[in-house]
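Chemist: Give me the fold of what follows.
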Amino acid sequence: MSVFFIYNKNVQSINPSYVQGDIERLGVTQIGKKTVLRAHSLKAKHGNEVLVSSIMKTGVEVLNQDNNLLDAKNLFDEKGFNHVPIMDGGRVVGILSSNDLKNIHEFNSILIRDHIGELTLAISKETPIKIVMQIFLNENIHCLPIIDQNASLEGIVTQNDILKWVLENNRYKK
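Modeler: Have a look, this model is predicted:
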């Protein structure tokens, strides 16, 4: 099981083993000169857990951080997306949401790089769905990029993906 919490966009490699057994190490872990991982006090049982790889979206459309916000607005309008990963040199550097574009009037003059913050959270495809739900609740976010050990994008998962999975698999209690 691996959960990555990235606090620097210059990630060279990520150690996926900081979650060991069924208990995560808590606190802060320094794994590189500038990369710090933060662990939540989340626990997951091994065995019959469902991994995010079974519900994640792959082949995701992306934008480059040198695109302008008009490109993002057009993508959201044309495709009906609410989130788009932002890339730089093959690595995910952020997620832009349709909510990020509210109250902006001049989309063409603003580059995405000047509007997004640093990527703060990403997960691996081996992350249990239960932990993804906890991250969404704890962090008050709606989308997570799924990356490999080199911070390359493998897909995304949204709250809607999880809600669909819960309903389709009768994973709710009446």
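Chemist: Quick check: Ser53 touching Lys125?
Modeler: Yes - between Ser53 and Lys125 there is a contact under CB atoms under 8 Å: 3.9 Å. The way it works is simple: take the backbone N, C-alpha and C, and place the C-beta from them, glycine included.
Chemist: what touches both of the two?
Modeler: Taking CB atoms under 8 Å, 6 or more residues apart in numbering as the criterion, Ser53 and Lys125 both touch Ile146.
Chemist: What segments of this structure are strands?
Modeler: 19-20, 23-24, 27-30, 36-39, 63-64, 83-88, 91-97, 143-147, 153-158 (DSSP state E).
Chemist: Low-confidence ranges, the protein, go.
Modeler: Within the chain, the stretches falling below the threshold (pLDDT under 70) are 1-48, 120, 171-174.
Chemist: where do the helices sit along it?
Modeler: For the chain, helices defined by DSSP state H occupy the ranges 69-79, 129-139, 159-168.
Chemist: These into JSON lines, with extra columns for mean neighbour count and distance to Asp148?
Modeler: Shown next, in JSON lines, are these (neighbours: other CB atoms under 10 Å; distance: least, CB to CB, whole Å):
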{"stretch": "helix 69-79", "mean neighbour count": "16", "distance to Asp148": "24"}
{"stretch": "helix 129-139", "mean neighbour count": "17", "distance to Asp148": "17"}
{"stretch": "helix 159-168", "mean neighbour count": "14", "distance to Asp148": "19"}
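Chemist: Reformat those helices as a markdown table; add distance to Gln149.
Modeler: Supplementary listing: the helices of the chain in a markdown table, determined by distance: least, CB to CB, whole Å:
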| stretch | distance to Gln149 |
| --- | --- |
| helix 69-79 | 28 |
| helix 129-139 | 18 |
| helix 159-168 | 23 |
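Chemist: for those, which one sits closest to Ile104?
Modeler: Ile104 sits nearest to helix 69-79 of all the helices of the chain, at 6.2 Å, using CB to CB.
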